[in-house]
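Engineer: No sequence on hand, only this structure:
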C-alpha cells in the first residue's frame, strides 16, 4: 500500500493540473454565446506577437500545492528514522508544496497571440486568443472582428 499512495497522488495531481485552454481559441464559443447575435466589423492586422494566457482560477495553485505536499511528505517519510524521519517528512511536504504549485501554474498556461487590428473606421483594437491554425493570421491580412467588448475574436476574412 505504501508504494501505491505516491502513484495515486501523482496521477491525481497530473489529471487535476490540466487546464482546459480551449476557450481561449477563436474557433471555440462559450455556451452563452451560442444562439446570440454577434457584431462583425472588418479591419487589417497591424501587429502580432506571441504571448501566454494564464488560466483564471480562484483556487490557483491550491490543488498543486496540496498534492505536492502529500507526495513530498510521503517521499520524505521514507528517509531515515525517529526525529530525522519527522524532519525529512516536513521538509518533503514543504518542498513538494512549492514544486506542486509551480507545476500547476505552468500547466495552466496556454500559448496565444496578441493581435492588433486597425478597424476600417480607424480605431485600433487588441485581441488575445490562441492560434487556431498555424500561419492563419499575418500582419497586413484582412480579418473579421466578431463580438464586442470582452467577447471578441479575430477570424480570417
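Structural biologist: Now that the structure is in, tell me what you want to look at. Worth saying up front: this structure is predicted, and the values here are computed from it rather than measured. Residues are numbered from 1 along each chain as shown.

Engineer: Sticking with residue 44, tell me its helix or strand.
Structural biologist: Residue 44 is part of strand 40-54, with elements assigned from DSSP states H and E.

Engineer: Report the strands that pair with that strand, each with its relative direction.
Structural biologist: Here strand 40-54 has these sheet partners by DSSP bridges: strand 109-119 (antiparallel), strand 142-148 (antiparallel).

Engineer: And the average pLDDT for the shortest one is what?
Structural biologist: Averaged across strand 142-148, pLDDT comes to 90.

Engineer: which outside residues touch that strand?
Structural biologist: By CB atoms under 8 Å, 6 or more residues apart in numbering, the residues outside strand 142-148 that reach it are 33, 38-45, 115, 117, 119, 125, 127, 137, 152-157. (C-beta placed from N, C-alpha, C; glycine too.)

Engineer: immediately after it, which helix or strand?
Structural biologist: Counting by DSSP H and E, what follows strand 142-148 is strand 151-156.

Engineer: strands paired with that next one, and their directions?
Structural biologist: Sheet pairing for strand 151-156, using DSSP bridges, gives strand 142-148 (antiparallel).

Engineer: which of the residues in the partner strand are buried?
Structural biologist: Applying a neighbour-count criterion of 16 or more other CB atoms under 10 Å, one finds 143, 145-147 buried in strand 142-148.

Engineer: Helices along the chain, start to end?
Structural biologist: Secondary structure of the chain by DSSP state H: the helices cover 4-16, 62-76, 82-107.

Engineer: how about residue 43, what does it touch?
Structural biologist: By CB under 8 Å, 6+ apart, residue 43 lies in contact with 117-120, 125, 142-143, 145.

Engineer: What is the most widely separated pair among the residues you listed?
Structural biologist: Largest separation among those by CB to CB: 125 and 142, giving 14.6 Å.

Engineer: Now tabulate the strands paired with strand 40-54 in JSON lines and tack on distance to residue 81.
Structural biologist: Compiled in JSON lines, the strands paired with strand 40-54 are given as follows (distance: least, CB to CB, whole Å):
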{"stretch": "strand 109-119", "distance to residue 81": "41"}
{"stretch": "strand 142-148", "distance to residue 81": "62"}
